[in-house]
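Enquirer: Next come a sequence and a model predicted from it.
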There are 2 protein chains.
Amino acid sequence: MVQLINGKKVANDLNLETKKRVIRLKKQDVTPGLAVVIVGDDPASQRYVRSKEKKAKELGIFSIKRALPESVTQSELVQIVKDLNHDDRINGILVQSPLPDHIDEEQIIATIDPKKDVDGFHPVNVGKLFLNLKGHYPVACTPKGIMTLLAKYKINLDGKNIVVVGRSSIVGKPMLALMLNADATVIDVHSHTDDISKYTKHADIVISAVGKYAILNDDDFKPGAVVIDVGQNMDENGKLAGDVAYKAKSDNIEFITPVPGGVGPMTIATLMQQTVDMCEWSKKIGK
Amino acid sequence: MVQLINGKKVANDLNLETKKRVIRLKKQDVTPGLAVVIVGDDPASQRYVRSKEKKAKELGIFSIKRALPESVTQSELVQIVKDLNHDDRINGILVQSPLPDHIDEEQIIATIDPKKDVDGFHPVNVGKLFLNLKGHYPVACTPKGIMTLLAKYKINLDGKNIVVVGRSSIVGKPMLALMLNADATVIDVHSHTDDISKYTKHADIVISAVGKYAILNDDDFKPGAVVIDVGQNMDENGKLAGDVAYKAKSDNIEFITPVPGGVGPMTIATLMQQTVDMCEWSKKIGK
């Protein structure tokens, strides 16, 4: 019988903790601040940004939104990020993806002050993570949230065979780095890999971040496997579904994150947690 | 029959090419410059530094050495690196490892101007590599040299099963990143992995960077395997040897880099190549 990893509950607990931290900070006259930059009117992006703003408000985090037309120029966008770098009310700056084709996204991300790079996408923060450097730096929120989930469920990573499916900058690669830092044996499979199931079938933990419905199913795992499903896809009935199709009575999967209610809520909760972390780091408060 | 990958020859060819590039640059009144910083009197470090200086001289690269006593302080060392950052004659700065225990090596590396980080160890350069960003940036010389070797021998990487043994910042991790960027399926095994041979036995290519003599042998590979041996160890007779013990008539290994004469010469040749690259990048010359 497959056991569901309740991301919604873990995210709620994390949000509650974040809310308490914000209250404590406010007693010291410090308010964490998040800036969200959005370009154009892609409905999914609009929805993500709205839910981030809503969650920030709910937790007492100050937030501002810079909504820009599709026609914004590179230099205008660079200037907006620079202004936010210098805005003392702001601890975290997030530039919502995707950006229009005429914008050089790498340059925009590189413009964000690494100390305010709440998404953990700046190359210097990615490098620190991959090198497992000591000290405080932000980490991409989805993989960081997955690590929190796995810790909550006391899933051991040390020496385990861990397969990451996908190699995006926002999930696959930082996930690989975090797992390596946690002493796991790491495997990254992707679109150029002949037979992904050849690898997943031997994995203790599979993290799938492909974005294709049913790219993996029950038979692709070994008994006792833990599956983290990062996919957000539509199934054949137009219902939200992950990368993994499975039966509730799977012989192989022991734990899985459902979609929705698994990884999704953890990403936004981790974003809020990290905004508060970065506020504390900047003021040298607390942990 | 095992075929040896002749790193010495490939390195010689690369050095010849570098020498020609230096001559061309000098005709434009530009001389690439390398600065080597060494602390203390570890004999191996002294030897490495001498061979780097010698090679630079041979290729027409300007080089300076900053030799500092074991007792140098953190702030003195930081200041020396900063001075080199501002020295217009210098395109590449290399701080020889290991540094004494009282020195914070991470901070020293982070002090190097990323544009002069000829070893490719600065977090921002590591991050760019891991993210596979476009543009010019230095890459750790040993893994970069290995990529050159594999290319010379026309060994296909796309979709291949590639096992990296070890996860150091200077070899294992950048190797993993380069292989992932080359569209390989990548596996990193290390000290916490139960049974390394379980992975190497299925690998098309194994890169071993452990530093333990005979940690792998013939039986640990599949037929047709390509083996890159980064180890520099002493065998039971006190002779220089790699991580891999093999018979010349191995049934499994098809290609291997010998020790000495495999990866070693490529590292230093790549360092020289990259010094010239960085000179050209800084002057916006050539490629």
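Expert: Everything's here; your move.
Enquirer: Packing partners of the helix or strand residue A:228 falls within?
Expert: Counting by DSSP states H and E, the element that carries residue A:228 is strand A:225-229. If you count contacts as 3 or more Cβ pairs under 8 Å, 6 or more residues apart in numbering or on different chains; DSSP states H and E, strand A:225-229 packs onto helix A:141-152, strand A:205-208, strand A:253-256. Backbone N, C-alpha and C define where each C-beta goes, glycine included.
Enquirer: Name the residues of it that are buried.
Expert: If you call a residue buried by 16 or more other Cβ atoms under 10 Å in any protein chain shown, then strand A:225-229 has these buried ones: A:225-229.
Enquirer: Could you do stretch A:216-232 as well?
Expert: Buried residues in stretch A:216-232 (16+ other Cβ under 10 Å): A:216-218, A:220-222, A:225-232.
Enquirer: same check, this time on stretch A:11-25
Expert: For stretch A:11-25, by 16+ other Cβ under 10 Å, it's A:11, A:14-15, A:18-19, A:21-22, A:25.
Enquirer: domain ranges for chain A?
Expert: With domains defined by automatic domain parsing, chain A comprises A:29-115, A:141-264.
Enquirer: Touching the strand holding residue A:228 from outside, list them.
Expert: Strand A:225-229 has contacts (Cβ atoms under 8 Å, 6 or more residues apart in numbering or on different chains) with A:5, A:146, A:149-150, A:155, A:200, A:203-208, A:216, A:221, A:242-244, A:246, A:252-259, A:262-263.
Enquirer: just stretch A:59-66 next, same as before
Expert: Here stretch A:59-66 has contacts from A:15, A:18-19, A:22-23, A:26, A:31-38, A:49, A:52-53, A:56-57, A:80, A:84, A:89-90, A:272, A:275-276, using Cβ under 8 Å, 6+ apart.
Enquirer: and residue A:23, what helix or strand is that in?
Expert: Short version: residue A:23 belongs to helix A:7-27, going by DSSP H and E.
Enquirer: That helix vs helix A:141-152, what angle?
Expert: Calculated by axes from the mean of the first three to the mean of the last three Cα atoms, to 10 degrees, helix A:7-27 forms an angle of 100 degrees with helix A:141-152.
Enquirer: what's helix A:7-27 packed up against?
Expert: helix A:43-58, helix A:141-152, helix A:263-283.
Enquirer: looking at the ones you listed, which is closest to chain B?
Expert: Comparison of the helices and strands packed on helix A:7-27 against chain B by Cβ to the nearest Cβ identifies helix A:141-152 as nearest, at 13.2 Å.
Enquirer: Tabulate the CA atom coordinates of the helix or strand just after that closest one in CSV.
Expert: Sequence order places strand A:161-165 as the next helix or strand after helix A:141-152, per DSSP H and E. The C-alpha trace of strand A:161-165 is given here as CSV (Å, rounded to 0.1, in the frame of the first residue of the first chain):
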residue,chain,number,x,y,z
ASN,A,161,21.0,5.3,-4.5
ILE,A,162,19.1,8.4,-5.6
VAL,A,163,18.0,9.0,-9.1
VAL,A,164,17.1,12.6,-10.2
VAL,A,165,15.1,12.6,-13.4
